[in-house]
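Asks: Need a 3D model of the following:
(one chain, ligands or ions: 1)
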Amino acid sequence: MENKINIGVIGYGYWGPNLVRNFIESSRAKVSMVSDFKTELLLKAKTRYPAIEVTTDCQDIFTNPNIDAIAIATPVSTHFDLALAALKAGKHVLVEKPMTVTTDQALRLIEEAEKRNLVLMVDHTFVYTGAVQKMRDLVVSQELGDIYYYDSVRVNLGLFQHDVNVLWDLAVHDLSIMDYVLQSQPYAVSATGISHISGEPENIAYITLFFPRNLIAHIHVNWLAPVKIRRTLIGGSQKMIVFDDLEPSEKLKIYDKGITLNGNPNDNAEKVYQMLIGYRTGDIWVPKVEMKEALQTELMHFIDCIEQSKRPMTDGYAGLQIVKILEAATCSMKNQGQLVKLNLAEVGV
Ligand SMILES: NC(=O)c1ccc[n+]([C@@H]2O[C@H](COP(=O)([O-])OP(=O)(O)OC[C@H]3O[C@@H](n4cnc5c(N)ncnc54)[C@H](O)[C@@H]3O)[C@@H](O)[C@H]2O)c1
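Replies: The predicted structure is shown next:
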């Protein structure tokens, strides 16, 4: 098929091959070049996809006039330089999560993309899953009532990263899901965490985020857990969600459970003492969710955005929002959980 969007991919380690495969499997894009420093990885790419050109020098991708867009799947510390160079070369960019290491860098990329009318998208993969889309629909339609809390656990015996702590690796997923589903911005963050290997970044962390209207969120991430848990609870005044991403099919369960208050808390103190909390239990519902590979949906959205000059769902501002929270959480963690105020409006989010 003619008029396919021509993609170059930088980084063919763990995640890069998933990008290449999903682009190639679509009928709307082709991958013409892959770059990695490691020749053995390039050999793997070439063996699997003989038509792809490979190079150890990513400049070859920037200067290739046939390439429309570049996907960057390299370590976090390299995202900014590579994405900026790609934008300056006039290419649309899909950059891995987290977008950059600092908010200043994220803002600079947004500025460059806007100046050149190029698409800048961040790979917040979970946002494109059927389960997360469904959770957002339930929150937006007020099915859950007022949202009281967001609580997630993402732990396993994970790959220890050397350049970033566990927040910048695992919590990015939870923060991007939370940001997309709640559609509300936290005003403060507190985080604690610790490293159990001398000289290495923190491998376990707990973040608490405070939102307007009595909404609180807590995220627990850990690379040193004996079991794998990927579970999120969202509690509302009417209903509550349990999202278990390890469930093969019934990933979401909606509980019609809650409490009822009998008595008026504004009455005199004695009456408050007598106020009764009642429990309400109703049906449990398992909604149908789209089970398509999220990365396929996401990459087709990237192609749509390029073709129709649309703003991506996970655009530079979505990436910036997460980097801002991660930066504040890291600062709080250095000070043993000291509350750090977030002014997201200040950075244009
Ligand atoms: N969206 C997701 O669910 C998801 C999952 C895993 C990783 N990631 C992200 O993907 C990125 C890469 O992670 P990974 O686990 O694949 O890392 P990795 O170390 O396995 O692979 C990165 C590769 O990039 C190559 N590289 C680095 N700089 C380069 C350059 N200038 N030119 C060419 N090649 C270069 C390295 O040689 C390496 O092979 C990270 O940002 C990570 O957060 C995202």
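
Asks: and the residue nearest to Thr39 when sequence neighbours are not counted, what are its phi and psi?
Replies: Nearest non-adjacent residue to Thr39, counting by C-beta to C-beta, 6 or more residues apart in numbering: Thr56, 6.5 Å away. Backbone N, C-alpha and C define where each C-beta goes, glycine included. In terms of degrees, to the nearest 10, the main-chain angles of Thr56 are phi -90, psi -10.

Asks: how many other residues sit next to Thr56?
Replies: 12 (other C-beta atoms under 10 Å).

Asks: likewise the one 5 residues further on?
Replies: With neighbours defined by other C-beta under 10 Å, the count for Ile61 comes to 26.

Asks: tell me the helices in the stretch 101-250 of the chain, going along the chain?
Replies: In the stretch 101-250 of the chain, the segments counted as helices under DSSP state H, counting those that start in this stretch are 103-116, 130-140, 166, 172-182.

Asks: Including mean neighbour count and distance to Leu320, could those go into TSV?
Replies: Putting those into TSV (neighbours: other C-beta atoms under 10 Å; distance: least, C-beta to C-beta, whole Å) gives the following:
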stretch	mean neighbour count	distance to Leu320
helix 103-116	18	4
helix 130-140	19	20
helix 166	24	21
helix 172-182	24	11
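
Asks: Out of those helices, which is closest to Gly258?
Replies: Between Gly258 and the helices of the stretch 101-250 of the chain, the shortest gap by C-beta to C-beta is with helix 130-140, which sits at 14.6 Å.

Asks: Tell me if the closest one is near the ligand.
Replies: No - Helix 130-140 stays clear of the ligand (C-beta under 6 Å from any ligand atom), getting no nearer than 12.6 Å.

Asks: rounded to a whole number, what's the mean pLDDT of that helix?
Replies: With pLDDT averaged residue by residue, helix 130-140 scores 97.

Asks: please renumber so the chain begins at 9
Replies: In the new numbering, first residue 9, that becomes helix 138-148.

Asks: and for that helix, what are the contacting residues?
Replies: Residues outside helix 138-148 that contact it (C-beta atoms under 8 Å, 6 or more residues apart in numbering): 134-135, 152, 155, 185, 188-191, 242, 244, 247, 249, 251, 253, 259-260, 262, 295, 297-300, 302.

Asks: need the contact list for the residue nearest to Thr47.
Replies: Taking C-beta under 8 Å, 6+ apart as the test, what Thr64 contacts is 43-45, 47, 50.

Asks: So which of these would count as near the ligand as well?
Replies: Of the contacts of Thr64, the ones that also sit near the ligand (C-beta under 6 Å from any ligand atom) are 43-45.

Asks: Buried residues in stretch 311-319, which are they?
Replies: Within stretch 311-319, the residues that count as buried by 16 or more other C-beta atoms under 10 Å are 311, 313-314.

Asks: Only C-alpha atoms, please: export it in PDB.
Replies: Extracted in PDB, the C-alpha atoms of stretch 311-319 (Å, rounded to 0.1, in the frame of the first residue of the first chain):
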ATOM      1  CA  ILE A 311      -0.300   7.500  12.600                       C
ATOM      2  CA  ASP A 312      -3.800   9.100  12.800                       C
ATOM      3  CA  CYS A 313      -2.300  12.100  14.500                       C
ATOM      4  CA  ILE A 314       0.400  12.500  11.900                       C
ATOM      5  CA  GLU A 315      -2.000  12.100   9.000                       C
ATOM      6  CA  GLN A 316      -4.700  14.400  10.400                       C
ATOM      7  CA  SER A 317      -2.500  16.800  12.300                       C
ATOM      8  CA  LYS A 318      -4.300  15.900  15.500                       C
ATOM      9  CA  ARG A 319      -3.200  16.200  19.100                       C
END
